[in-house]
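Chemist: next input, structure requested:
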Amino acid sequence: MSLKVIQLKIDTPTGPTKSGRGFYQLDEESLFVQLGLFSEKKHFFNYLENEHILLDLDRTGQLIFIEVYKAKRHWKIIDLLKAPYNAEVADIRWLNFREKLPDSEILTDTEQKIVKVQFDENISPLYYILAENVIAETDKQYKLTALWITAYDEDAGGKAIKQFRRKERRANSYLD
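Modeler: Residues are numbered from 1 along each chain as shown. Next up is the predicted model:
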């Protein structure tokens, strides 16, 4: 059975904003979005998914990876879609695990530069930065209504995502 709502716990951030970037894999026709650095201490533990979306969560309930398995030629184009500009930095934890996500719609702007994974309508949204280029949209009860990917690169053969990961490992080598 599918979740009716995706419940989040939202707190004041305890560290810097995580790096984040989307990569549309041309050969797989899928969008992959990495949030933060993968390491021995921070890796996949749980998930939430539906037919077109997989959200990977770490042991603490933080989102670490988004996969969109729907070719962008099938994303719904919204003429006036604009990324949120008033997002706050937050420490967000997912409270649901290993369940089926509600159905979602994949929306994009006319240039296909922004992606909105919409789970529910929201007339009074709140926006929270999960990582650079990744924003969570919630209602006032902290129920997730959408995920925004505000920038992504087209990638062939996983080359761009490999470069991103290599750069992140070098920039964060002091953590080891």
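Chemist: name the residue closest to the centre of this structure, please.
Modeler: Centroid-nearest residue in the chain, with C-alpha atoms, centre = their mean: I66, separated by 4.8 Å.
Chemist: partners of the nearest residue to that residue once chain neighbours are set aside in the sheet?
Modeler: Residue nearest to I66 in three dimensions, not counting chain neighbours: V33, with 4.0 Å by C-beta to C-beta, 6 or more residues apart in numbering. (Each C-beta comes from the backbone N, C-alpha and C, glycine too.) Per DSSP bridges, residues listed as beta-bridge partners of V33: G22, I66.
Chemist: make 18 the first number, not 1, from now on.
Modeler: OK, 18 is where the count begins now, so the last one is V50.
Chemist: for V50, give me its contacts.
Modeler: Neighbour list for V50: 37-40, 82-85, 150-151, 166, 169 [criterion: C-beta atoms under 8 Å, 6 or more residues apart in numbering].
Chemist: chain neighbours aside, what residue packs nearest to L48?
Modeler: In space, and not counting its chain neighbours, L48 is closest to V85: 4.0 Å by C-beta to C-beta, 6+ apart.
Chemist: cool, and G78?
Modeler: G78 sits nearest to R110 (C-beta to C-beta, 6+ apart), 3.7 Å away.
Chemist: number of nearby residues for G174?
Modeler: Applying other C-beta atoms under 10 Å, we find 11 residues neighbouring G174.
Chemist: okay, it and Y41: tell me how far apart.
Modeler: Counting by C-beta to C-beta, to the nearest Å, the gap from G174 to Y41 is 13 Å.
Chemist: equivalent analysis for Y144, please.
Modeler: From Y144 to Y41 the distance is 23 Å (C-beta to C-beta).
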